[in-house]
Every structure is written in structure tokens, then in C-alpha cells.
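**Q** coords please:
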Amino acid sequence: MAKGKDVRVSVILECTSCVRKNVYKKPRGISRYITQKNRRNTPSRLELRKFCLYCSKHTIHGEIKK
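**A** Below you'll find the model as predicted:
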């Protein structure tokens, strides 16, 4: 039988360096990725190194709220 809460959930990863840069400069955009994580194995927020199109380098992308 299916359980009430899903074990795998979709999360949005956002570039942390783009968010910091756009405070004082004009916004160019923020790199975002959609992925899935297992809620039981990783209860904390997910952080991965991904390629940011706006920074043109690999940066840390952190999980954000939907």
C-alpha cells in the first residue's frame, strides 16, 4: 500500500553566488536546477556543485523552498 508521505520529493537548487551578487548589481538571472532527493536519507538541505550559466563556472547550488 502507498504511504501518506512520499519518500522521494522534488527540490529546487539555486546558485548561491548569483543571489549574493544581485544585491547591488542589476539582475542578470539566477541559475536553478530541479532534482529529487530521498527525504529519509537526507533530511537536511541539499547542496551540490553545478554549472551556473550566469557565472560561467561551477558553483554551489543550495536547496530553496518552493
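
**Q** quick one: the nearest residue to Gly29 once chain neighbours are set aside from Lys66, how far?
**A** Nearest residue to Gly29 in three dimensions, chain neighbours excluded: Tyr54, at 5.1 Å (Cβ to Cβ, 6 or more residues apart in numbering). (C-beta placed from N, C-alpha, C; glycine too.) Separation of Tyr54 from Lys66 (Cβ to Cβ, to the nearest Å) stands at 21 Å.

**Q** Same question for Ile60.
**A** For Ile60, the distance to Lys66 equals 20 Å [Cβ to Cβ].

**Q** How about Thr42?
**A** Per Cβ to Cβ, Thr42 is found 17 Å from Lys66.

**Q** Which one's more surrounded, these two?
**A** Taking neighbours as other Cβ atoms under 10 Å, Thr42 and Lys66 compare with Thr42 leading, 11 against 7.

**Q** can you pull the contacts of Cys18?
**A** Arg28, Gly29, Ile30, Ser31, Cys52, Tyr54, Cys55, Thr59 (Cβ atoms under 8 Å, 6 or more residues apart in numbering).

**Q** Once you drop chain neighbours, what's closest to the third one?
**A** Taking Cβ to Cβ, 6+ apart as the measure, Ile30 lies nearest to Cys18, with 4.8 Å between them; neighbours along the chain are not counted.

**Q** Shouldn't that neighbour be within a helix?
**A** Yes: checked against DSSP: H, G, I helix; E, B strand; the rest coil, Cys18 lies within a helix.
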